[in-house]
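Asker: got a predicted structure plus its sequence, pasted below:
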Amino acid sequence: MEITDLTPAERRVWEAFPLGEGVDFREGEDEDPTEGASWGPERTLRAEVLRALLLDGPERDGRIAGLKVRGARITGRLDLKYGTVGHPVRLRFCHFEEAPDLYGAQVVALVLSDSVLPGLTAGNLRAEGVVRITCCRVTGPVRLAGAKLSGALFANGARLGSPGEVPEEAVLQLNHAEVGTDVWAPGLVAHGKVHLNGAVVRGHVNLNDAELYAPGGTALHAEVLTVGTDLHAMRLRTRGRVNLSGARIPRQLNLAYARLSNPDGQALRASSSVVGELWLREAAPIEGAVNLRGAQLELLHVPPEVWPDRVRIDGCSYRVLTPHLPAERRLPLLEREELGYLPYPYEQLTTAYRTVGDDAAARTVQLAKLRRHRRTLPRYARLWGYVQDAAVGYGFRPMRAAGWLLVLLCTGTLAFAVHRPPALKPSEAPEFNPLFYTLDLLLPIIDFGQESAYAPRGWYQWLSYVLIATGWVLATTIAAGVTRSLNRQ
């Protein structure tokens, strides 16, 4: 293209390019690029001119060339497909009539901040520096699938898609992309799906204050996402599923103060994920199911009121559960398992309480597990379970056994005081004592010489049999409880 073919606006950009200087067409800093379709020729640039500059523009010794434009209307398609651009591209506050095409291109840096675009095609892009779509308004898809960015991706404050619409194609596509540092997108608003599945982010992902809307679909699709440090999504607002299945987040997945909503399906799926810490502190009650099946967590911080009515937590392992609450506050969650009774969640909760030294809460969980399991048994087995529960709390309430022993001791003492059993050998029998006789019957390891000297008859003989049998059971339960206490110490 000859220099004589340029318009005055294009000439300004052409002359500034080799000097690395910027050209600002704005009439004021508060201009709205959404009105760029009405901008006149004095601030209109043809995409073919920008392409010629970037691929084969003039250079000047001692200066670093670069395209730096603000407030321009860009007509036509900026086609840099498979091109190699050795200069930074900065097109801020611009209005693009057509979506730029940078598929497979190699660039130094790409900055489109505060611009308005109908879309961006940059799949398999190679960028040595940052890519910025900060505060951009993009009605069509932003395609960055398979991109390799040495620097960060900035999408903070960007507005993607059109309100009230959920397109078939994801509005932000970073699937299988590699980002050398961070994905920085606080305040992002996406009306449509956001894809991060298979992406590798060597730093951290920031979605604080983001709003992701895909009602009835997947708002955030991040299966097998690999993050170097954290994924922060504090105050995240979603309508649709957040899918983090198989994700690897070594430090913190922070969803504090978030509002997750997908009433007709799963609101949060993190099955088979490996996460250092999962935080849902002071989050709103989740609307929809939560699936943490097979997840591996070091710390799980979820208040009981945040959990929804439907959960999948079979195989979910965690070492520390915070905040520390009584077992009675945590147990209702295990009743909501969609697959019904499963022993593993109870064992995992027991382990978490034992990790922090709360053995009383651990016993409460084990007792709840046995009671829940009892509901799955045949009627005859349930009846025996009720007997064990009432008598000794399945062995986890040894003091209840001591209470039953005291009741039986009083019963036996009164019964044998009223009806003294005859002596087997009257001349050799010690003086009868109803209290110690009952103790002889109840306690298998104690012998006061009363039981072997006297033999009750009739109804009182059957009472002695009952005292002997129940004494064995209750004394064993007490001994087991004392042993557990000594082992803990």
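Answerer: Perfect, I can see it now.

Asker: need the pLDDT of the residue of the chain positioned farthest from its centre.
Answerer: Distance from the C-alpha centroid of the chain, by C-alpha atoms, centre = their mean, peaks at Ser427 (79.0 Å). pLDDT recorded at Ser427 is 75.

Asker: that's a strand at it, yeah?
Answerer: No: counting by DSSP: H, G, I helix; E, B strand; the rest coil, Ser427 falls outside a strand, being coil.

Asker: make 781 the starting number, not 1.
Answerer: Sure, I'll start counting at 781 from here, so that last one is Ser1207.

Asker: please report how far it lies from Arg1200.
Answerer: Using C-beta to C-beta, to the nearest Å, Ser1207 is found at 17 Å from Arg1200. Any C-beta I mention is one placed from the backbone N, CA and C, and that applies to glycine too.

Asker: cool, Glu1211 as well?
Answerer: Taking C-beta to C-beta, one finds Glu1211 at 11 Å from Arg1200.

Asker: neighbour count for these two, which is higher?
Answerer: Set Glu1211 next to Arg1200 and count neighbours by other C-beta atoms under 10 Å: Arg1200 wins out with 13 against 8.

Asker: work out for me the element the more buried one sits within.
Answerer: For Arg1200, there is no host helix or strand (DSSP states H and E).

Asker: center of this structure - which residue?
Answerer: So for the chain, C-alpha atoms, centre = their mean, it's Leu1058, sitting 5.2 Å from the centre.

Asker: what is it paired to in the beta sheet?
Answerer: Note on Leu1058: beta-bridge partners Leu1033, Leu1080, judged by DSSP bridges.

Asker: any buried residues in stretch 1153-1162, and which?
Answerer: His1153, Arg1154 (16 or more other C-beta atoms under 10 Å).

Asker: tell me how far it is from the chain's mean position?
Answerer: 35 Å (C-alpha atoms, centre = their mean, to the nearest Å).

Asker: now do it, average pLDDT.
Answerer: Mean predicted confidence for stretch 1153-1162 is 85.

Asker: that older thread, list the contacts of the residue nearest to the centre of the chain.
Answerer: Applying C-beta atoms under 8 Å, 6 or more residues apart in numbering, we find Leu1058 in contact with Leu1033, Leu1035, Ala1050, Ala1075, Leu1077, Leu1079, Leu1080, His1081, Val1082.

Asker: kindly report the same for Ala994.
Answerer: Taking C-beta under 8 Å, 6+ apart, one finds Val946, Ala970, Gly972, Lys973, Arg1019, Gly1020, Arg1021 in contact with Ala994.

Asker: chain neighbours aside, what residue packs nearest to the third one?
Answerer: Right, the one you point to is Gly972. Using C-beta to C-beta, 6 or more residues apart in numbering and skipping the chain neighbours, the partner closest in space to Gly972 is Val951 (3.6 Å).

Asker: same check, this time on the fourth one
Answerer: Once its chain neighbours are removed from consideration, Lys973 has its nearest residue in Ala950; the separation is 4.0 Å (C-beta to C-beta, 6+ apart).

Asker: from Asp989, how far out is the one you found?
Answerer: Distance from Ala950 to Asp989, by C-beta to C-beta: 21 Å.

Asker: out of the two, which sits in the busier spot?
Answerer: Each of Ala950 and Asp989 has its neighbours counted (other C-beta under 10 Å); Ala950 has more, 25 against 18.

Asker: shouldn't the more buried one be in contact with His971?
Answerer: No: using C-beta atoms under 8 Å as the test, Ala950 is too far from His971 to be in contact (11.3 Å).

Asker: from memory Tyr862 sits against Gly884, does it?
Answerer: Yes: the criterion here is C-beta under 8 Å, and Tyr862 meets it with Gly884 at 4.5 Å.

Asker: those two: which is more packed in?
Answerer: Between Tyr862 and Gly884, counted using other C-beta under 10 Å, Gly884 has the larger neighbour count: 17 against 12.

Asker: and the more buried one, its phi and psi?
Answerer: Backbone torsions of Gly884, given as degrees, to the nearest 10, read phi 70, psi 10.

Asker: which ones are touching it?
Answerer: Lys861, Tyr862, Gly903, Asn904, Leu905, Arg906.

Asker: likewise Val1082?
Answerer: The neighbours of Val1082, taking C-beta under 8 Å, 6+ apart as the test, are Leu1058, Leu1060, Ala1063.

Asker: which parts of the stretch 1081-1230 of the chain are helices?
Answerer: Using DSSP state H, counting those that start in this stretch, the helices of the stretch 1081-1230 of the chain run over 1107-1114, 1123-1135, 1139-1154, 1159-1172, 1178-1198, 1214-1222.

Asker: reformat the contacts of Leu1058 as TSV; add pLDDT.
Answerer: Formatted as TSV, these follow (pLDDT from 0 to 100):
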residue	pLDDT
Leu1033	97
Leu1035	97
Ala1050	97
Ala1075	96
Leu1077	96
Leu1079	96
Leu1080	95
His1081	96
Val1082	94
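
Asker: run through the stretch 1031-1180 of the chain and note the low-pLDDT ranges.
Answerer: 1167-1168, 1170-1175, 1177-1180 (pLDDT under 70).

Asker: repeat that for 90
Answerer: Counting by pLDDT under 90, the stretch 1031-1180 of the chain shows low-confidence ranges at 1118-1121, 1137, 1139-1140, 1143, 1146-1148, 1150-1151, 1153-1180.

Asker: for the residue nearest to Gly972, give its distance to Val974.
Answerer: For Val951 relative to Val974 (C-beta to C-beta), the value is 7 Å.

Asker: same check on Ser930?
Answerer: Ser930 is 22 Å from Val974, by C-beta to C-beta.
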